[in-house]
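In: Need coordinates for the following:
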Amino acid sequence: MPMTLLAPVDHELIIKKSRFLARVQPIKNRAEAQAVVQQLKLAHPDAVHVCWAMLAGGDSAAQDDGEPGGTAGRPMMEVLRHQDLEGVLATVVRYFGGVKLGAGGLVRAYTDAVAQALLLAEKSAIVVKIKLICVVPYDMEGWLRRQAQMADVNILNVAHNSLVQFEFELPQSQAVLWQKRLNDFGQGKLVWTDPRT
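Out: Take a look at the predicted model:
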């Protein structure tokens, strides 16, 4: 099951006098990730590299920022993938300490920096939610509200016209069973409509 992070976490790693300032944080999309990277570059003008990797909404990206190809961004991305993370940005700001690490040393440094930050991070399972719309007669409004409350289903909106229209949000894994249960007890009085129409 994919996981995301609840809050940003920082970790500093020093290898042969080079400082690797790692941060892992939740993000929504590539534009947000690029804005964070730009802020880091402005905040660390003396750093030689600001490398990053992200996974968000099916989109992925990795950037070596001047390090030898494949020694920073891709290894960071593999750490995120290995932990089945989604909606996450990993960044590492590197201050060069005067000693070259070689390709293998760089891969280990960037991998370790991100992995150590993730060890400190609080993770949460991503629950895919969907919206459902249900229309009922007025005499069933209270009953349907109680059913939603007992099932811990979020009522997003209620509209009162000739009938009462509810808009619900609930975990996708719970939707089919909950609809079936309501239909069984609703005696054919519930009408479900597609919220996308």
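In: What ranges does this protein have for its strands?
Out: 3-5, 9-15, 18-26, 49-56, 59-63, 88-95, 123-125, 129-136, 154-160, 164-171, 191-193 (DSSP state E).
In: Specify the beta-bridge partners of Val88.
Out: Pro26, Leu55 (DSSP bridges).
In: what about it, distance to Ala109?
Out: 20 Å (Cβ to Cβ, to the nearest Å). For glycine as for every other residue, the C-beta is placed from the backbone atoms N, C-alpha and C.
In: do Thr193 as well
Out: 55 Å.
In: cool, and Glu12?
Out: Glu12 is 12 Å from Ala109, by Cβ to Cβ.
In: residues shared between the contacts of those two?
Out: In terms of Cβ atoms under 8 Å, 6 or more residues apart in numbering, Glu12 and Ala109 are both contacted by the residues Phe20.
In: of those two, who's got more company?
Out: The neighbour comparison of Glu12 against Ala109 (other Cβ atoms under 10 Å) goes to Ala109, with 24 against 12.
In: Now do the same contact list for the nearest residue to the more buried one once chain neighbours are set aside.
Out: Once flanking residues are discounted, Ala109 sits nearest to Ile15: 5.1 Å by Cβ to Cβ, 6 or more residues apart in numbering. Ile15 is in contact with 97, 101, 105, 109, counting by Cβ under 8 Å, 6+ apart.
In: between these, which is closest to Val136?
Out: Val136 has its nearest neighbour among those in Ala109, at 60.1 Å by Cβ to Cβ.
In: sorry, back to before: for the contacts of Ile15, please prepare JSON lines with the additional fields pLDDT and distance to Ala31.
Out: Formatted as JSON lines, these follow (pLDDT from 0 to 100; distance: Cβ to Cβ, whole Å):
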{"residue": "Gly97", "pLDDT": "87", "distance to Ala31": "33"}
{"residue": "Leu101", "pLDDT": "91", "distance to Ala31": "32"}
{"residue": "Gly105", "pLDDT": "93", "distance to Ala31": "33"}
{"residue": "Ala109", "pLDDT": "96", "distance to Ala31": "28"}
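In: Thanks a lot, catch you later.
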